[in-house]
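> Sequence plus predicted model, see below.
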Amino acid sequence: MSSIAVIGTGYVGLITGAGFADLGNDVVCVDILEEKIAKLRAGEMPFFEPGLEELTRRTADAGRLRFTTAYAEAIPAADFIFITVDTPPSGNGKADMSRVESASRSLAPHLRERTVIINKSTMPIGSGDFVSQIIREYAPPDADFAVVSNPEFLREGSAVRDVREPDRIVLGGDDPVAVEAVAELYETVNAPIVKTDLRTAEMIKYASNAMLATRISFINEIAAICEGFDADVRVVARGMGLDARIGPNFLEAGIGFGGSCFPKDVKALAFMAAEKHLHPQLLNSVLDINQDQRRRFTRKVLARLAEPGASTVGVWGLAFKQDTDDMRESPSVDIIRALLDSGVRVRAYDPVAMPAARALMPDVTYCDDPYDAVCGADALLLLTPWNEFRQANMERVREAMRHPVLLDGRNIYDRREIEALGFTYVGVGR
Ligand code: NAD
């Protein structure tokens, strides 16, 4: 079993740390946020992720998962150091590498013997060399280290399962011994391993997210065309997805993609292409369509309100997708802000994302349950497809509303059933 340090205890770091501790390794997670580390030591989760609390508690109780703010405590004994800090977008779309730089500087002076540093954060192509350079500059002269890229593909909401059962493991590096050592860490994980050079591994992550985002924007464009011709995009997607060459995933029309990864990574890839004097037409269109999708939905809502300034809408779901409290780049934020700007009052409910949403949108009335959110509403907007909303008592909803209009931003309801209950139903591309 190995000694592992994980730098950054966000979605990726905490789940990676707990996952490797679960495989029997000795893991220390490091973060610069004192408060976060104090809470983690007390068994409190910094965010909502199904199964994470149990996994963290179990591995911490077994003494295999510890938390610290001190690099000096975590790094000297580590055989492997995972860098999992955030790489947010800067103004022009370029990935902001300041946290990676700072983490590399902080860990370097504590390096002792042979250590493998693993870039797990999503980092621009060429970052393996960037991290190596910084570490070489700040490490003791006799420090022996190698950098391996091991991008993460977990999905928030199913992250614990995704790290246990990944579709594939990608390892990139110029030092074959280091790449092999990281491959051994994953020995008991049943997944194909793609071994390649640093830059190709980094590119695989960006290309994968760009592909998934492209499928979403593609089906959203098809949805807009369906609306023009009275076709139903849900059936179109099913008919397409049954083709083995196409497959069914990521063909759900709706209000577009959000979250901390797709928008940021597509922008970063477009920026990298532009740096090489290429014109990333497809990537730019994927982003444009995605922004349009939020505006189109907002226009549909406003078109249903006789007098927006005197209207109230109920919103179900705020997180960028179900089973997470992550509000980063959530389509709900653009939609709700635009409605508030038009004078619409917004009552909202989300099972877990309301604390995070409140900080971003203080002018919304946050409600205790879905029925409270629709009280006196002129329209109900379904923005995140939580199961709770699929199972809601829609008769009770209709009775609570002033006007029973349902704008289904995720196409989760059966139009006929909803209309039979007396609602006016508006979906996406249907
Ligand atoms: P996050 O914002 O949830 O967490 C990042 C953590 O790093 C924070 O706790 C922060 O305090 C800590 N940190 C920042 N600078 C630090 C430093 N110098 N030393 C120690 N800790 C530091 O981020 P995340 O969502 O976990 O994403 C991390 C990376 O993984 C990003 O590059 C992201 O693109 C990538 N990724 C994320 C997901 C996802 O679903 N969230 C999936 C795959 C890949």
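Everything's here; your move. Numbers count the residues shown, from 1 in each chain.
> Show me which residues of the stretch 51-200 of the chain sit near the ligand.
Neighbours of the ligand within the stretch 51-200 of the chain, by C-beta under 6 Å from any ligand atom: 84-87, 99, 102-103, 106, 121-122, 152, 154, 156. Quick note: C-beta positions are derived from backbone N, CA and C, even for glycine.
> Which of these fall in strands?
With strands taken from DSSP state E, there is no overlap with these.
> Now list the buried members of those.
For these, a burial check counting by 16 or more other C-beta atoms under 10 Å picks out Thr84, Val85, Asp86, Thr87, Arg99, Ala103, Ser106, Ser121, Thr122, Glu152, Leu154, Glu156.
> one step back: tell me which two of the residues of the stretch 51-200 of the chain next to the ligand sit farthest apart.
Ser106 and Glu156 (26.4 Å; C-beta to C-beta).
> sorry, back to before: just put the residues of the stretch 51-200 of the chain next to the ligand in CSV and tack on pLDDT and distance to Thr424.
Converted to CSV, those look like this (pLDDT from 0 to 100; distance: C-beta to C-beta, whole Å):
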residue, pLDDT, distance to Thr424
Thr84, 98, 46
Val85, 98, 47
Asp86, 97, 42
Thr87, 97, 43
Arg99, 98, 47
Ser102, 98, 53
Ala103, 98, 52
Ser106, 98, 57
Ser121, 98, 45
Thr122, 98, 42
Glu152, 98, 43
Leu154, 97, 39
Glu156, 94, 33
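> got a list of what Ala95 touches?
Thr87, Pro88, Pro89, Thr122, Met123, Pro124, Lys264, Ala268, Phe271 (C-beta atoms under 8 Å, 6 or more residues apart in numbering).
> Quickly note the distance from the closest residue in space to Asn119 that isn't next to it in sequence to the ligand.
When the adjacent residues along the chain are set aside, Asn119 lies closest to Ser149, with 4.8 Å between them (C-beta to C-beta, 6 or more residues apart in numbering). According to C-beta to the nearest ligand atom, to the nearest Å, Ser149 stands 12 Å off from the ligand.
> hang on, isn't Ser149 packed against Tyr206?
No. Between Ser149 and Tyr206 there is no contact under C-beta atoms under 8 Å: 11.6 Å.
> neighbour count winner among those two?
Using other C-beta atoms under 10 Å as the criterion, Ser149 and Tyr206 rank with Ser149 on top: 29 against 23.
> Tell me the spacing between Gly172 and Leu154.
From Gly172 across to Leu154, the span is 18 Å (C-beta to C-beta, to the nearest Å).
> Domain boundaries for the chain, per the record?
3-195, 206-287, 298-426 (automatic domain parsing).
> Work out the gap between the shortest one and the centre of the chain.
How far domain 206-287 lies from its chain's middle: 16 Å, per C-alpha atoms, centre = their mean, to the nearest Å.
> Equivalent analysis for stretch 179-190, please.
Using C-alpha atoms, centre = their mean, the offset of stretch 179-190 from its chain centre is 25 Å.
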